[in-house]
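Okay, structure incoming, though there's no sequence with it:
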């Protein structure tokens, strides 16, 4: 991943141009050992001191239509020949690769040469690739006067975006990663400083976007989203009276949702997403509640009064016992066959799951796009996995029903025991127990039975 940046120079004169050329051609910045020329720079990174011996090293410098060592004199000769030695003298750009990018110094320098040749065919350019940092980067000093036509080079505000786009094309040809284009929101372009930080993986705004993506995978409501963001160290101010969502990052930086370069981070889109999740969650609950319908209950096994060969009760379905058949008699009724209370409209009052007629017609959300479809799928997949029973704890329906029958037998036995030892009932005619008096308080050193129960007569 590489990014192109413009390096401004306010003092545009011959001296500043010479200083810029000498700066990018310093030996300790451009020299590299031959054995590291084709190897990954991140693995073989080494910093050279200014007075180190550079004998036998390769200097990663090149000149397009000029010699790097005499570039200043050639630049001035071109300007003097066309009598254009004032105002803008040169332009300075750099192409920086991301920290940890798997790329060799040789490849980085080849990309820089191709970049200069394709973008400045009629101008002299000095190219230098620096290896003194963990991330490789190349510098370009471009003469502002064409050596062919004598025309001055003009670089406008949109030039930088064109150069970055072309840099991404070259990186793709070499199999390198590139920054994804951002076209959402009002801020459709990245600032130069933000673009550079994103390329190095140091953008706090991109970290915020990543935290939002994580929170959206585990949040079903707005309140859950705010809590999950707080767990990651972000404060969220999301109110109905504010047009935008305000995020406060752990580094105390604040950011509106509209500054996150993608429409899906907007307040409107996120509120729409949570509404879709609420509708889908309700539909899932309705689908799950339909398993308790009379048709499903009729298939569940129940205890029959008939006995098998082992003289034990057997489990049969309600349909086999004839409970669902009105002609089977009123003596074999089941709770599922009992009529449910009806309201004035003739609908059941049992709530959600009583029938499809009670459910309000759900809005068609198939065509609604919020940009959070992938995160929504992850969220409900995690919920389904959490709701799924453990295989070791799964018991078949027969075991569940037998366990319920055993519990009922135990309760019946306890009820019979209470008949032998009836509990006394207190009513208005029952006299409450009388207390003879409070216990006498003993003095220090006095025994409990000292003079108790004796009458003494005082005699004069």
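Done, it's in. Worth saying up front: this structure is predicted, and the values here are computed from it rather than measured.

Please make it C-alpha for all contacts and neighbour counts, starting now.
Will do.

what mean pLDDT would you report for the helix or strand containing residue 225?
In this structure, residue 225 is located in helix 222-231 according to DSSP states H and E. Averaged across helix 222-231, pLDDT comes to 92.

Please enumerate the helices of the stretch 151-300 of the chain.
Secondary structure of the stretch 151-300 of the chain by DSSP state H, counting those that start in this stretch: the helices cover 159-173, 192-199, 204-216, 222-231, 267-289, 294-298.

Just the buried residues of the fifth one, please?
The neighbour-count criterion (16 or more other CA atoms under 10 Å) identifies 267, 269-270, 273-274, 276-277, 280, 286 as the buried residues of helix 267-289.

Check stretch 163-176 too.
Residues of stretch 163-176 classed as buried under the neighbour-count rule (16+ other CA under 10 Å) are 163-168, 170-171, 176.

Check the contact between residue 4 and residue 98; I expect there is one.
No - with contact defined as CA atoms under 8 Å, residue 4 does not count as touching residue 98 (11.5 Å).

With neighbour numbers in mind, choose between the two.
Using other CA atoms under 10 Å as the criterion, residue 4 and residue 98 rank with residue 4 on top: 26 against 23.

now the helix or strand hosting the more buried one and helix 159-173, what's the angle there?
Counting by DSSP H and E, the element that carries residue 4 is strand 2-6. Between strand 2-6 and helix 159-173, the angle formed by their directions is 160 degrees, by axes from the mean of the first three to the mean of the last three CA atoms, to 10 degrees.

Give the next helix or strand downstream of strand 2-6.
Remark: after strand 2-6, the chain's next helix or strand is helix 14-24, criterion DSSP H and E.

Any stretches of this structure with poor pLDDT?
1, 41-53, 179-202, 291-367, 388-460 (pLDDT under 70).

sorry, back to before: make JSON lines from the helices of the stretch 151-300 of the chain and add distance to residue 147 to it.
Shown next, in JSON lines, are these (distance: least, CA to CA, whole Å):
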{"stretch": "helix 159-173", "distance to residue 147": "21"}
{"stretch": "helix 192-199", "distance to residue 147": "30"}
{"stretch": "helix 204-216", "distance to residue 147": "43"}
{"stretch": "helix 222-231", "distance to residue 147": "57"}
{"stretch": "helix 267-289", "distance to residue 147": "54"}
{"stretch": "helix 294-298", "distance to residue 147": "88"}
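
Which neighbouring elements make contact with the strand holding residue 4?
Counting contacts by 3 or more CA pairs under 8 Å, 6 or more residues apart in numbering; DSSP states H and E, the secondary-structure elements packed against strand 2-6 are strand 90-97, helix 159-173, helix 192-199.

Spell out which strands sit alongside that strand in the sheet and which way each one runs.
For strand 2-6, the paired strands and their directions (DSSP bridges) read strand 90-97 (antiparallel).

which outside residues touch the partner strand?
Judged by CA atoms under 8 Å, 6 or more residues apart in numbering, the contacts made with strand 90-97 from elsewhere in the structure are 1-9, 12, 17, 112, 135-144, 199-200.

Mark which of those residues are buried, thanks.
Buried by 16+ other CA under 10 Å: 1-5, 17, 112, 135-144, 199-200, out of these.

which ones are touching residue 256?
244-247.

Hmm, residue 63 is touching residue 125, no?
Yes - with contact defined as CA under 8 Å, residue 63 counts as touching residue 125 (5.9 Å).

Give the other helices and strands that the helix or strand where residue 385 lies contacts.
Under the criterion of DSSP H and E, residue 385 resides in helix 373-387. Taking 3+ CA pairs under 8 Å, 6+ apart as the contact definition, the neighbouring helices and strands of helix 373-387 are helix 204-216.

any idea how far residue 233 is from residue 226?
Between residue 226 and residue 233 the distance, using CA to CA, to the nearest Å, works out to 11 Å.

These two: which has the busier surroundings?
With neighbours defined as other CA under 10 Å, residue 226 and residue 233 compare such that residue 226 has more, 19 against 14.

Count the residues that sit near the closest residue to the more buried one other than its chain neighbours.
In this structure, residue 226 finds its nearest non-sequential neighbour in residue 236, 6.1 Å apart by CA to CA, 6 or more residues apart in numbering. Neighbourhood size, residue 236 [other CA under 10 Å]: 18.

Might one say that residue 236 is in contact with residue 248?
Yes - applying CA under 8 Å, one finds residue 236 in contact with residue 248, separated by 6.5 Å.

what separates residue 154 from residue 145, distance-wise?
Distance, residue 154 to residue 145, using CA to CA: 10 Å.

repeat for residue 35
According to CA to CA, residue 35 stands 39 Å off from residue 145.

and if you look at residue 112?
Going from residue 112 to residue 145 by CA to CA gives 21 Å.

what's the answer for residue 236, then?
Taking CA to CA as the measure, residue 236 falls 52 Å from residue 145.

re earlier: who has more neighbours out of residue 35 and residue 145?
Each of residue 35 and residue 145 has its neighbours counted (other CA under 10 Å); residue 145 has more, 27 against 10.

Could you find the closest non-adjacent residue to residue 247?
Distance criterion CA to CA, 6+ apart; nearest residue to residue 247, sequence neighbours excluded, is residue 236 at 4.8 Å.

dump the residue contacts of the one you found.
Taking CA under 8 Å, 6+ apart as the definition of contact, the neighbours of residue 236 are 226, 229-230, 245-248.
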